[in-house]
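**Student:** starting from these lines, generate the structure:
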Amino acid sequence: MSTPTPARRRIIGAVCAAAATVLIASGCSSSSTPSDTVADQVTISAHMFMPPASVKAGATITVRNDDTDEHTVTATGGAFDTEVQGKQTVTFTAPTAPGTYDFYCKYHPGMKATLVVA
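**Tutor:** Take a look at the predicted model:
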C-alpha cells in the first residue's frame, strides 16, 4: 500500500470534516420530535425510577420495567397505583390536576421518585 501524498491527505481530511459536520448537524436538528410514548415514560432500571421531567395533565404514561423484578408505581396520596411485571410495559393515566406527585414501589420502598404534572 502506498503512502498518500500531502494533497491526497488534505482531500481525505476535507471529506472527513464535511462528513462529520453533516452527521453532527443531523443529530442536532430541531425538527425531530420525540414520540409521546417516550416523552411520557417512566423507566425502571436497576431498582430506580427514571420519570420524565414533566407530563401533561391526563396524559397516558407508559411504565417500562427493564428489571426482572415486579414493581409498582404507587402515588403516596393514592392518585395512581399500577403494577408492572419484570421486563414488561404498562400504562396509566396521569392525574388531571397539575402538581407534583411523589411515588414509590410497594415491593421496594426505597425506590422513590416524583411525577410532575403540568
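
**Student:** confidence score at residue 9?
**Tutor:** pLDDT, residue 9: 56.

**Student:** okay, buried residues for stretch 64-79 please.
**Tutor:** Residues 64-65, 67, 71-75, 79 are the ones in stretch 64-79 that count as buried (16 or more other Cβ atoms under 10 Å). In short, each C-beta sits where N, CA and C put it, glycine included.

**Student:** which of these lies closest to residue 45?
**Tutor:** residue 67 (6.5 Å; Cβ to Cβ).

**Student:** buried residues in stretch 85-95?
**Tutor:** Buried residues in stretch 85-95 (16+ other Cβ under 10 Å): 92, 94-95.

**Student:** can you give me the end-to-end span of stretch 83-101?
**Tutor:** For stretch 83-101, the first-to-last residue distance is 17 Å (Cα to Cα, to the nearest Å).

**Student:** now that stretch: mean pLDDT?
**Tutor:** 98.

**Student:** what does it rub up against?
**Tutor:** 40, 44, 55-73, 75-77, 79-80, 82, 114-118 (Cβ atoms under 8 Å, 6 or more residues apart in numbering).

**Student:** out of the buried residues of stretch 85-95, name the ones that lie in strands.
**Tutor:** If you go by DSSP state E, these have residue 92 in strands.

**Student:** now the buried residues of stretch 85-95 in TSV, with distance to residue 105?
**Tutor:** Formatted as TSV, these follow (distance: Cβ to Cβ, whole Å):
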residue	distance to residue 105
92	14
94	18
95	19
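
**Student:** what residues sit buried inside the helix or strand where residue 114 lies?
**Tutor:** Residue 114 belongs to strand 112-117 when assigned by DSSP states H and E. Going by neighbour count (16+ other Cβ under 10 Å), the buried part of strand 112-117 is 113, 115, 117.
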